[in-house]
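[1] return atomic coordinates for the entry below.
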Amino acid sequence: MRAARRPRILFEIGLIAVSYWVYSLIRNAVPEHETHAMRNAHWIWDIEKSMGLAFEHAVNHGINSVTWLIVTMNYYYATLHFLVTIGILVWLYRRQAGRYAAARTALFSTTGVALLGYYFFPLAPPRLMTGGDFVDTVVVHGTWGSMASGNMANVSNQYAAMPSMHIGWSAWCGVIIVLLARPWWAKALGVLYPTLTLVVIVATANHFWLDAVGGLICLAFGFGVAYCWYGDHLHRLPRRAAAQRRQSTGPAQAEPEAANERPVAQVS
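    Next comes the predicted model:
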């Protein structure tokens, strides 16, 4: 098993910044095959209708009729995706340092594998699907800072809807909170956050619910990579990071904090 070393703050900030830049660069460099994206959107829509679960249209129009609610959801979609994820990373770094690297690896792997979906399965979101009669809530109500509005829409790949990383990231946050937080209300928020995110991505017509399934599949892959790399489930890793190696005494061991947390030797 790899040791849970104490993360270095400057390295982590740089890693996150560079990784997201590379992810955005690749995601937006994927050719925007509009014809294929529209065809795939209608295919997804037909599958959902055949299952009797094509509820996006009703949710989109119903919530759009309540202006304050849909505008709030527009800003939720544009901001919390980043703010909550960064907040969880900061909390892990400060309070769960021994588990930080594994959690970060799961998040990065989830995000990285999503690029395969964007490349091989271009998908128009419901708001852009021809003949779908969906309300593009960002255009109708306006949302400052949205990647789907104004000049930002010209530099963001509008047909990278499958898988949904809003669900992938929010579910990552939820899993982390449920597994590692102690107060019951925090665990409840961990369940509520991805659930509410699902409602938001459907109500704003940014995703089909099947895009959310794709996001969860990517998340499962991400946690699988973290498990293989660190040799155990995230919540079973030591809460505290292993001490730095000392020249005179050799490797130190991380002190276990609970019965199910075993010490992990520092490795070079």
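
[2] so what's Arg113 up against?
    Slight slip there: residue 113 is Val, not Arg. The contact partners of Val113, taken as Cβ atoms under 8 Å, 6 or more residues apart in numbering, are 218, 221-222. All C-beta atoms are positioned from the backbone trio N, CA, C, and that covers glycine.

[3] just the element for it, please.
    helix 97-120 (DSSP states H and E).

[4] what's the spacing between that helix and its chain's center?
    Chain-centre distance of helix 97-120: 8 Å, with Cα atoms, centre = their mean, to the nearest Å.

[5] show the average pLDDT along that helix.
    Averaged over helix 97-120, pLDDT sits at 92.

[6] tabulate the CA atom coordinates of the following helix or strand past it in PDB.
    Helices and strands here follow DSSP H and E; after helix 97-120, the next one along the chain is helix 137-141. Taking Å, rounded to 0.1, in the frame of the first residue of the first chain, the C-alpha atoms of helix 137-141 are listed here in PDB:
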ATOM      1  CA  THR A 137     -33.000  29.000 -19.300                       C
ATOM      2  CA  VAL A 138     -29.600  30.700 -19.500                       C
ATOM      3  CA  VAL A 139     -30.600  32.500 -22.700                       C
ATOM      4  CA  VAL A 140     -34.100  33.400 -21.500                       C
ATOM      5  CA  HIS A 141     -33.100  34.600 -18.100                       C
END
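
[7] in helix 137-141, what counts as buried?
    Going by neighbour count (16 or more other Cβ atoms under 10 Å), the buried part of helix 137-141 is 137-138, 141.

[8] hmm, who's touching that helix?
    Looking at what lies outside helix 137-141 - Cβ under 8 Å, 6+ apart - the contacts are 60, 64, 67, 70-71, 73-74, 127, 143, 146, 148-149, 203-205.

[9] ok, which pair from the residues you listed is furthest apart?
    Farthest-apart pair in the contacts of helix 137-141 is Thr67 and Ala148; separation 18.5 Å (Cβ to Cβ).
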